[in-house]
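Chemist: Okay, predicted coordinates and the sequence, questions at the end:
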Amino acid sequence: MKILLSGLNQGLTQYSEDVSSDFLPEKWRETYPETLHCAITVDRFRRELRVRIHLDVNGHYRCDRCLADFERPQRFEHEQVYKVGDGPDPVDDDVIELPADAVEIDLQPVLKEILILNHPLKLLCKEECAGLCPGCGADLNKEACRCDEDGGDPRWAQLRKLLK
Ligand SMILES: [Zn+2]
Ligand SMILES: [Zn+2]
């Protein structure tokens with residue numbers, strides 16, 4: 001995904017592009033294996049380009065509680081400012097400077113950053129996921145806990161007697 005600087009007008013320009021996630025590092029490619037849908041607005045004012053990115057992706061996640069795989073569509077938004085060439089005005093830390101003779105902006109590093117920065121800290125297949133029983137390992141979303149059954153293993157029965 002690249003923005004060509006030559007012929008890019010002052011003011012707003014909009015793009016949309018479907019980008020393969022092949023460029024991502026392997027771990028992230030597994031999480032976001034499908035096409036990334038990018039909608040991009042570039043606001044150019046002289047040497048400053050304000051690039052607003054809406055990224056629609058389908059995350060392939062694993063639930064933190066029950067370890068089930070699940071998919072969830074996500075929409076992430078991000079703005080990145082670029083400055084082309086040198087100028088008298090100071091440049092903020094979060095602005096990316098480009099050489100005066102730059103012909104294009106490669107958005108792949110920014111797309112990667114958006115996915116990593118927005119990766120959900122807590123992943124639950126559903127808000128009320130009951131998780132796995134720490135005792136018997138039953139998936140409590142689908143089955144009942146077996147901790148109270150005597151089962152076939154006499155060691156457990158023995159242990160339970162001791163605990164009573
Ligand atoms: Zn779950
Ligand atoms: Zn249990």
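Modeler: Yep, it's here. Numbering: from 1, shown residues only. Ligands and ions are numbered 1, 2, ... in the order given.

Chemist: residue boundaries of the strands in this structure?
Modeler: For the chain, applying DSSP state E gives strands covering 2-4, 11-19, 36-45, 48-62, 69-84, 95-98, 104-106.

Chemist: now those in a markdown table, with mean pLDDT, distance to residue 29 and mean neighbour count?
Modeler: C-beta: built from backbone N, CA, C; applies to glycine. Formatted as a markdown table, those follow (pLDDT from 0 to 100; distance: least, CB to CB, whole Å; neighbours: other CB atoms under 10 Å):
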| stretch | mean pLDDT | distance to residue 29 | mean neighbour count |
| --- | --- | --- | --- |
| strand 2-4 | 90 | 20 | 13 |
| strand 11-19 | 95 | 12 | 12 |
| strand 36-45 | 96 | 11 | 17 |
| strand 48-62 | 96 | 10 | 17 |
| strand 69-84 | 95 | 15 | 14 |
| strand 95-98 | 90 | 24 | 15 |
| strand 104-106 | 93 | 18 | 15 |
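
Chemist: Figure out which of those strands is closest to residue 130.
Modeler: Among the strands of the chain, strand 69-84 comes nearest to residue 130, with 14.5 Å by CB to CB.

Chemist: quick one on the thing from earlier: looking at the strands of the chain, which is closest to residue 147?
Modeler: Checking the strands of the chain against residue 147 by CB to CB gives strand 48-62 as the closest, at 24.4 Å.

Chemist: ok, the closest one: who's next to it in the sheet?
Modeler: Paired strands of strand 48-62, with direction, are strand 36-45 (antiparallel), strand 69-84 (antiparallel) (DSSP bridges).
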